[in-house]
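[1] Fold the following.
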Amino acid sequence: MSKFKAFLKRKDIEISLRRYGIDALSAMAQGLFCSLLIGTILNTLGTQFHIGFLTMPIYPDGPTIGGAAMQMVGPAMAVAIGYALHAPGMVLFSLVPVGFATNAIGGAGGPLAVLVTAVVASEFGKAVSKETKVDILVTPIVTILVGIGLAMLVAAPIGKAASAVGQLIMWATQQQPFVMGILVSVIVGIALTLPISSAAICAALSLTGLAGGAALAGCCAQMVGFAVMSFKENRWGGLVSQGLGTSMLQMGNIVRNPKVWIAPILTSAITGPIATCIFKLEMNGAAINSGMGTCGLCGPIGVWTGWVTPSEAALQNGAAAITPGAIDWIGLALVSVVLPAVICALLGALSRKLGWVRDGDLKLD
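    Alright, predicted model coming up:
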């Protein structure tokens, strides 16, 4: 056993929740962002603003620039996961076909299937890497065979299971928009601030529609809420880094004083049902946007792209393109920015008055 542990350490194979549930999951979201999300944005910009080079195929009967990026979502996720697991070059490059095959087999729940197969393929590839004199053959063969072989066994069931869970959440939100608006908003918002990826979770569950709108509300409540609530300590730099970056920056302060999290969580519990019950805000862009919040304004941009060109997942759930009216834009602005800023600022001031939050508790390092 000691020899096996020494082998794992030498190969940098760490079987842990942090390595697989945090590092790999967060990297998967980056792969999604750089392929599916960016491709969707480029396609939407091209069609809405009539930008020729964004709407023309890159070769006869081929995809647009954005379409090409979207087609590479599986490989992008797999390579990103391998990178997070410190996979060497030969393993990393071999993950391209693994990600492509797994995402295709997994269907709507492809991202979660890619997470599983890419992790396993990466670790097996790392285990055999540079262990033979014919490494150039052994490493890619093992990585590809393990990854695609596993995908053939588990990708479809994992994909169907993830899709079913997402469908259940979306159905429940339609049936009980108030209760589910609170639950989805709070849970996804908390996931956004924790060192895990809310974006990857939403993508894995293919969370769109009204549930996606609730998820967006929760994420915005955390990001904008913390940014405004901590303005006294962090000023403009903190406002930008948290409001357009990530509320995860506050995790150290949350660990030291969990009470600083009360105001943003309560804010998400308020804005979630406002999104679902009052404005009927739906996220029909790429599901990853549901878990992005105001990070790079990807959440609001996702709502806009969902209005004009709904994603494939949203179309399958009955979404249709619309021309947004004034109420749609007002609702998006209020849920994404205005209400989180106002509500969390008030709750934050109350928290300070009650002594739950002291000066300096929200200071970023």
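
[2] Helix, strand, or coil at the residue of the chain positioned farthest from its centre?
    For the chain, the C-alpha farthest from the mean C-alpha position belongs to residue 133; by Cα atoms, centre = their mean, that distance is 40.3 Å. Under DSSP: H, G, I helix; E, B strand; the rest coil, residue 133 falls in the coil class.

[3] what's the answer for the one 5 residues further on, then?
    Of the three states, residue 138 takes helix according to three-state DSSP.

[4] now the closest residue to it other than its chain neighbours: how far from residue 185?
    Once flanking residues are discounted, residue 138 sits nearest to residue 132: 4.9 Å by Cβ to Cβ, 6 or more residues apart in numbering. Every residue, glycine included, has its C-beta placed from N, CA and C. Distance, residue 132 to residue 185, using Cβ to Cβ, to the nearest Å: 52 Å.

[5] neighbour count winner among those two?
    residue 185 (33 against 11; other Cβ atoms under 10 Å).

[6] show me what contacts the more buried one?
    For residue 185, the contact set (Cβ atoms under 8 Å, 6 or more residues apart in numbering) comprises 214-215, 217-218, 221, 268-269, 271-273, 275.

[7] for this protein, which spans come out with low pLDDT?
    For the chain, applying pLDDT under 70 flags no range at all.

[8] Just give me the residue closest to the centre of it.
    Note: the chain centre (Cα atoms, centre = their mean) maps to residue 199, 1.2 Å.

[9] pretty sure that one contacts residue 292?
    Yes: the pair residue 199 / residue 292 is scored as a contact, 5.2 Å apart, by Cβ atoms under 8 Å.

[10] Residue 33: how many residues sit nearby?
    Count around residue 33 with other Cβ under 10 Å applied: 23.

[11] Distance check, the nearest residue to it once chain neighbours are set aside against residue 267.
    Among residues not flanking residue 33 along the chain, residue 288 sits closest, at 6.7 Å (Cβ to Cβ, 6+ apart). Counting by Cβ to Cβ, the separation of residue 288 from residue 267 is 23 Å.

[12] ranges for the helices of the stretch 101-250 of the chain?
    110-128, 135-175, 177-193, 198-204, 209-229, 231-240 (DSSP state H, counting those that start in this stretch).

[13] in stretch 24-43, what counts as buried?
    For stretch 24-43, the buried set under the neighbour-count rule, 16 or more other Cβ atoms under 10 Å, comprises 24-43.

[14] what kind of secondary structure is residue 62 in?
    coil.

[15] list the contacts for it?
    residue 68.

[16] And it, its phi and psi?
    phi -100, psi -180 (degrees, to the nearest 10).

[17] next one: residue 72
    Residue torsions, per degrees, to the nearest 10, at residue 72 are phi -90, psi 20.

[18] Please name the nearest non-neighbouring residue to it.
    Using Cβ to Cβ, 6+ apart, the closest residue to residue 72 is residue 35 (5.0 Å).

[19] I'd say that neighbour and residue 79 touch.
    No: Residue 35 is beyond contact range of residue 79, at 9.9 Å (criterion: Cβ under 8 Å).

[20] my read: residue 110 touches residue 74, true?
    Yes: here residue 110 reaches residue 74: they are 6.6 Å apart, a contact under Cβ under 8 Å.

[21] The two: which has the busier surroundings?
    Per other Cβ under 10 Å, whichever of residue 110 and residue 74 has more neighbours is residue 74, with 30 against 27.

[22] Which helix or which strand is home to that one?
    helix 73-84 (DSSP states H and E).
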